[in-house]
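Undergrad: I would like to see how this sequence folds:
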Amino acid sequence: MGHVLILGGTGRIGCSIAEDLLAHSDVEIFLAGRQVEKGRALAARLGDRVQFCQLDLSVATELRRAIAAVDLVVHAAGPFHYRRAQVLRACIAQQVNYLDVSDYRGFTRQALALDGEARAAGITAIINAGVFPGISNSMVRQGVEALDQADSVQLSYVVAGSGGAGVTVMRTTFLGLQYPFDAWLDGRWQSVKPYTERERLAFPLPYGTGAVYWYDMPEAMTLANSFDLQNVKTKFGVVPDFYNQATWLMAHGLPSAVLRNSKVVEFLARVSYGMTGISDRFTGTGVAIRCDIQGRQNDEPTQYCSFFVHDSAAIAAGNGAGYIAALMMSRQLDQPGVFPVEQIVPTSLFITALQRRKLDILVSPLSSLTGDHQVKKSQVL
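TA: Now for the predicted structure:
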């Protein structure tokens, strides 16, 4: 038994992480947040292994006191576009292990820059956990290990409506449209505009064919550093396709200065969340990941393709972070430093953890790129 502090614990993803830990470990949990009434009600619902901890991350003394009382801190208080690495710094100072569900490249860079300090303090810090990034990173590692040589990776994500993750995810989506980002293409970093190069791909049911667009994700950076690859692409889309069209119009029709205004972002996030409140009733709030890897097997050019599907993006994110938190608490992941998921989680532990949660990675047969290398719909539907 040990103690875990979940920052942002009263949010959709924070609560999902708590539920996963309660189901798959014997830890006791502190849910941290600012809304006392909501937090206490949630803790009461989750059971006697959960307590609410009122905490404002901007108050350093409160943060240090809360960290000192636990064995692991899980940072789920997004959007990470607005966060700095002060929580990780505080964990390093107090020698407490750290896990986050960060999904912003700038935050990832800040965390990775503290690798030396984490090693010196003897703490394990794992970043970019959750579903995407998180489960997606481990899918890539699984595929890379299945090939003799991997050259190119494309991760494609489809989310139904809100994904069940609340308005914070909507904010993150619009924040990701504000600037071009660097992608690893042809062995070098090249600038890419978000929500461009629409592509229609086959996903498992209930999605079928879905549209995805270039979108900045931190795994686009960490995977290029973790593996010897020539190309890494990350693409994202929403079901129903109407939301893709609307997002494309905002990304390319609004002046940059308008799109970068915080009040505009908040307005768009609130309006979009309100709209998904209606469409979620018909589309659900699930997520699908498609991982395509091109490389070589037995000296032949080969394509590897795998899929992950869950009926709730928020619960999937909770599973993706929860299993890693459980492994850290049981000391099965215990290595000083700061690591993205794909660098520290062995594929064997990843698959076992998903199986215990009755989740699967669907892998299509390897196919030669010299023949009909496109994944046929019948393989995934």
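Undergrad: which stretches in the stretch 1-150 of the chain count as strands?
TA: Here the stretch 1-150 of the chain has its strands, by DSSP state E, counting those that start in this stretch, at 3-7, 28-33, 50-54, 72-75, 97-100, 124-127, 149-160.
Undergrad: output the longest one as CSV, nothing but the C-alphas.
TA: To tie it back to what came earlier, the one meant is strand 149-160. This file holds the C-alpha atoms of strand 149-160, laid out as CSV (Å, rounded to 0.1, in the frame of the first residue of the first chain):
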residue,chain,number,x,y,z
GLN,A,149,13.9,-2.1,-39.3
ALA,A,150,11.4,0.7,-38.9
ASP,A,151,11.6,3.8,-41.1
SER,A,152,8.4,5.8,-40.9
VAL,A,153,5.6,6.1,-38.3
GLN,A,154,2.1,7.6,-38.6
LEU,A,155,-0.2,7.8,-35.6
SER,A,156,-3.8,8.8,-36.5
TYR,A,157,-6.4,9.5,-33.9
VAL,A,158,-10.2,9.8,-34.2
VAL,A,159,-12.3,11.0,-31.2
ALA,A,160,-16.1,10.9,-31.1
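Undergrad: going forward, begin numbering at 39 instead of 1
TA: With 39 as the first residue, the last one maps to strand 187-198.
Undergrad: and it, which residues are buried?
TA: By neighbour count on 16 or more other Cβ atoms under 10 Å, the buried set for strand 187-198 is 188-198. Every C-beta, even on glycine, is put in place using the N, C-alpha and C of the backbone.
Undergrad: so who does Asp220 touch?
TA: Residues in contact with Asp220 (Cβ atoms under 8 Å, 6 or more residues apart in numbering) are 227-230, 259.
Undergrad: report the buried members of these.
TA: 230, 259.
Undergrad: give me the distance between stretch 226-243 and the centre of its chain.
TA: 17 Å (Cα atoms, centre = their mean, to the nearest Å).
Undergrad: same question for stretch 97-114.
TA: Relative to its chain's centre, stretch 97-114 lies at 22 Å (Cα atoms, centre = their mean).
Undergrad: before we move on, the earlier item: can you tell which of the strands of the stretch 39-188 of the chain is closest to Thr234?
TA: Thr234 lies closest to strand 187-198 among the strands of the stretch 39-188 of the chain, at 14.3 Å (Cβ to Cβ).
Undergrad: partner strands of that closest one, with direction?
TA: strand 269-277 (parallel), strand 325-335 (antiparallel) (DSSP bridges).
Undergrad: dump the ones you listed to TSV, plus mean pLDDT and mean neighbour count.
TA: Formatted as TSV, the strands paired with strand 187-198 follow (pLDDT from 0 to 100; neighbours: other Cβ atoms under 10 Å):
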stretch	mean pLDDT	mean neighbour count
strand 269-277	93	23
strand 325-335	96	23
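Undergrad: closest to Cys91 out of these?
TA: Relative to Cys91, the nearest member of the strands paired with strand 187-198 by Cβ to Cβ is strand 325-335, separated by 29.2 Å.
Undergrad: pull the CA atoms of that closest one into PDB?
TA: C-alpha atoms of strand 325-335 as PDB (Å, rounded to 0.1, in the frame of the first residue of the first chain):
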ATOM      1  CA  VAL A 325     -11.500   7.100 -29.300                       C
ATOM      2  CA  ALA A 326      -9.700   5.100 -32.000                       C
ATOM      3  CA  ILE A 327      -5.900   5.000 -32.700                       C
ATOM      4  CA  ARG A 328      -4.300   3.700 -35.800                       C
ATOM      5  CA  CYS A 329      -0.600   3.100 -35.900                       C
ATOM      6  CA  ASP A 330       1.100   2.700 -39.300                       C
ATOM      7  CA  ILE A 331       4.800   1.800 -39.500                       C
ATOM      8  CA  GLN A 332       6.700   1.200 -42.700                       C
ATOM      9  CA  GLY A 333      10.000  -0.600 -42.500                       C
ATOM     10  CA  ARG A 334      11.700  -3.900 -43.500                       C
ATOM     11  CA  GLN A 335      11.200  -7.500 -42.400                       C
END
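Undergrad: flag the shaky bits of the stretch 39-188 of the chain, pLDDT-wise.
TA: Along the stretch 39-188 of the chain, no part satisfies pLDDT under 70.
Undergrad: any chance you could map the helices in it?
TA: Assigned by DSSP state H, counting those that start in this stretch, the stretch 39-188 of the chain shows helices spanning 50-62, 74-84, 98-106, 124-132, 143-150, 153-159, 174-184.
Undergrad: closest one to Ala354 among these?
TA: Closest of these to Ala354 is helix 50-62, at 8.2 Å (criterion: Cβ to Cβ).
Undergrad: export the closest one as CSV, just CAs?
TA: Output of helix 50-62 as CSV, limited to C-alpha atoms (Å, rounded to 0.1, in the frame of the first residue of the first chain):
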residue,chain,number,x,y,z
ARG,A,50,-12.8,13.7,-16.0
ILE,A,51,-9.4,12.3,-16.6
GLY,A,52,-8.1,12.6,-13.0
CYS,A,53,-11.2,10.8,-11.8
SER,A,54,-10.7,8.1,-14.4
ILE,A,55,-7.1,7.6,-13.2
ALA,A,56,-8.3,7.2,-9.6
GLU,A,57,-10.9,4.7,-10.7
ASP,A,58,-8.3,2.6,-12.5
LEU,A,59,-5.9,2.7,-9.5
LEU,A,60,-8.7,1.6,-7.1
ALA,A,61,-9.6,-1.3,-9.4
HIS,A,62,-6.0,-2.5,-10.0
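Undergrad: where does Phe345 sit: helix, strand or coil?
TA: strand (DSSP: H, G, I helix; E, B strand; the rest coil).
Undergrad: count the neighbours of the residue lying closest to it once chain neighbours are set aside for me.
TA: Once flanking residues are discounted, Phe345 sits nearest to Leu400: 4.4 Å by Cβ to Cβ, 6 or more residues apart in numbering. Residues near Leu400, counting by other Cβ atoms under 10 Å, number 13.
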